[in-house]
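**Student:** please work out how this folds:
(chains A and B)
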Amino acid sequence: MRGFNKYFAMAKASLEVIFVYRAGFTVNLIGSVFYVVAMFYLWQTIFLGKPGALGVFTWPEMKAYLIVAFILNSTMTWFDEWQMGADIREGRVATDLARPIDFQLKRFAEASGPIPFELASALAIGAVVAFVFGGIALPADPAHLALFIVSAALATLLKFSIIYCVSMTAFWTTGMEGVSNARMAVQNIFSGALIPLVFFPDWLRGLASVLPFQGMISTPALTYLGAMDGPTTAFMIGTQAVWALGLFLFGRLLWRSAVKAVTINGG
Amino acid sequence: MAARLRRARWLVYIYFRCLGQQMKAILAYEADFVILMISAALVQITGFLFIWTIFQRIPDINGWTFWQVVMMYSLVFITEGVGSLFFEGTWRVSRLIYNGNFDQYLLRPVSPIVQVLAGAVGFNGLGNIITGGMLMAISLGNVQVQWTPGRLLMLVILIVSAATIRVAINLGTAASAFWIKTPWSLVPFFVHQLGEFAKYPITIYSLAVQAMVVVAIPFAFVSFFPTAYLFNMEAWSAIGLLTPLVAVYCLFMAVTIFRIGLRRYESTGH
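**Tutor:** Numbering: from 1, shown residues only, chains lettered A, B, ... in the order given. Modelled structure (predicted):
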């Protein structure tokens, strides 16, 4: 229990940091809403022009998809390759190495701490957008909602694992801005954040299905909508779990081998 | 008059000297440079894939075809690239003022605005300009346009004006740091995000959003109106001709706001 307590304290401290910088946080979040609003107008125009264009989705379902994607994207926003890259490059990881704590769990605690605040803000903003655009589809079945919550939690762990693995490139390059942007670009298209994956042509959909990114947005959003049948849902959430845990462990492995080779600046 | 011209030329010279130093600093890290370029290209490729996928399902968005929307995208990316590559310094203003480091700009006998503009280089901008330019070329190749020397000249003027508008918006909003002291570019980022609305024809938005991107923060003149002019889109096309005027207006406003801010600057920690 004591082991858990120290990570909980770190998560709490990280949440408190967000409260100190709440103005910056809120402005960032509102800024990201413009993107969602632009998407709503775009899809609305497409749907009104040609109702069949959304394929398997109805308009309320499409709106729900966009809101769910927005909320999932709004968690762990303060954890990125930049910060970890800077810690590695400037040698601050030396302090972490000297402490009796697990480096990856510490990062995870710090990344998850702000989630309650991020989630509350995103839900509030999402509700306003959904209201302005005439409401969204709600899960038809409480079971979908329960599965969605499981899937959303796995999506968050997956996001952490991917960013953590990508951050390890900081041992070899100082160009974390480029690395971070590249990861975001690939993630945006293959997670289903920009557009539901079913709209892709076969070759692109095939590519998305073998990559881990679909578990970040597509799987939880489709679970929310109940768009997949029972066995498919189970399979997709299982895939998500395998990727999330697999990459989490892979990140540990990367860290361990990298740290052996590391020379800290000035020492 | 001659003296003013000389001074203007001198400022341009200083600007490029400062920028050159920043470039050297970045080019020292070769891998970073390559990664930044690749990442910028990736961002655009995903953007392109997005609209391509949408247009697989529908023939047009409110009368705008695929290649016309690609033209808007390319303008958004090219102008953003110009902003990053040549004028990235505007994004450093907040931190400089917050830390009190803005003093150094005031101690030198060169206009602080020129120093701000030349204060940093974002090499991802080069990636944006190259891929954006390719998208624009493909778009122009796929849309029927009667090319005359006048129209070609107008294309160049429109690109320069659109880039000017974006840089002016960055500079004007960066001046907010004189009033709101945070280490991040809060207001500039917020306004920059409004640029999302510039990616699609403004006819899809409600009147309030349209008013915002046409009048308040004229992002519509970065992509929508110039494209409307080039492709002769209905009534919008004539408004496209106003783009250079809007650019001059934005630049004037940005410099004015920045100068007002400069007068209130008091260094941190003194």
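**Student:** near chain A, which residues of the stretch 51-200 of chain B are found?
**Tutor:** B:53-54, B:56-58, B:61-62, B:124, B:182, B:184, B:186-187, B:189-190, B:192-194, B:196-197, B:199-200 (Cβ under 8 Å from any Cβ of the partner chain). (Each C-beta comes from the backbone N, C-alpha and C, glycine too.)
**Student:** again, 10 Å this time
**Tutor:** With the criterion set to Cβ under 10 Å from any Cβ of the partner chain, the stretch 51-200 of chain B comes near chain A through B:51-63, B:69, B:122-124, B:127, B:180, B:182-187, B:189-200.
**Student:** from these, list the buried ones, please.
**Tutor:** Among those, the ones that count as buried by 16 or more other Cβ atoms under 10 Å in any protein chain shown are B:51, B:53-55, B:61, B:69, B:122-124, B:127, B:182, B:184-187, B:189-200.
**Student:** hmm, A:Val27 is touching B:His192, no?
**Tutor:** No. Taking Cβ atoms under 10 Å as the definition, A:Val27 is not a contact partner of B:His192, at 11.5 Å.
**Student:** contact partners for the nearest residue to A:Ala241 once chain neighbours are set aside?
**Tutor:** Excluding its sequence neighbours, the residue lying closest to A:Ala241 (Cβ to Cβ, 6 or more residues apart in numbering or on different chains) is A:Leu154, at 5.6 Å. Contact analysis of A:Leu154 by Cβ atoms under 10 Å, 6 or more residues apart in numbering or on different chains lists A:215-216, A:219-220, A:237-245.
**Student:** try 7 Å
**Tutor:** A:Gly215, A:Ile237, A:Gln240, A:Ala241, A:Ala244 (Cβ atoms under 7 Å, 6 or more residues apart in numbering or on different chains).
**Student:** please name every helix or strand in contact with the helix or strand hosting the fourth one.
**Tutor:** Spelled out, it's A:Ala241. Using DSSP states H and E, A:Ala241 sits within helix A:230-261. When contacts are defined as 3 or more Cβ pairs under 7 Å, 6 or more residues apart in numbering or on different chains; DSSP states H and E, helix A:230-261 packs onto helix A:103-112, helix A:142-167, helix A:218-225.
**Student:** work out the gap between the second one and the centre of the chain.
**Tutor:** Between the mean C-alpha point of helix A:142-167 and the mean C-alpha point of its chain there is a distance of 7 Å (Cα atoms, centre = their mean, to the nearest Å).
**Student:** what about the following helix or strand past that helix, distance to the chain center?
**Tutor:** Downstream of helix A:142-167, the next assigned helix or strand under DSSP H and E is helix A:176-190. Chain-centre distance of helix A:176-190: 12 Å, with Cα atoms, centre = their mean.
**Student:** alpha carbons of helix A:176-190, as CSV, please.
**Tutor:** Coordinates of each C-alpha in helix A:176-190 appear next as CSV, following Å, rounded to 0.1, in the frame of the first residue of the first chain:
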residue,chain,number,x,y,z
MET,A,176,11.6,16.3,-30.0
GLU,A,177,9.3,18.9,-31.6
GLY,A,178,9.5,17.1,-34.9
VAL,A,179,9.1,13.7,-33.3
SER,A,180,6.1,14.8,-31.4
ASN,A,181,4.4,16.4,-34.4
ALA,A,182,5.1,13.3,-36.5
ARG,A,183,3.5,11.1,-33.9
MET,A,184,0.5,13.4,-33.7
ALA,A,185,0.1,13.3,-37.4
VAL,A,186,0.2,9.6,-37.7
GLN,A,187,-2.0,9.2,-34.6
ASN,A,188,-4.6,11.6,-35.9
ILE,A,189,-5.2,9.8,-39.1
PHE,A,190,-4.9,6.2,-37.9
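**Student:** and the angle from that helix to helix A:142-167?
**Tutor:** 150 degrees (axes from the mean of the first three to the mean of the last three Cα atoms, to 10 degrees).
**Student:** so what does the helix or strand containing A:Leu119 touch, helix or strand wise?
**Tutor:** Using DSSP H and E, A:Leu119 maps to helix A:115-132. Other helices and strands packing on helix A:115-132, by 3+ Cβ pairs under 7 Å, 6+ apart, are helix A:2-20, helix A:22-49, helix A:59-73.
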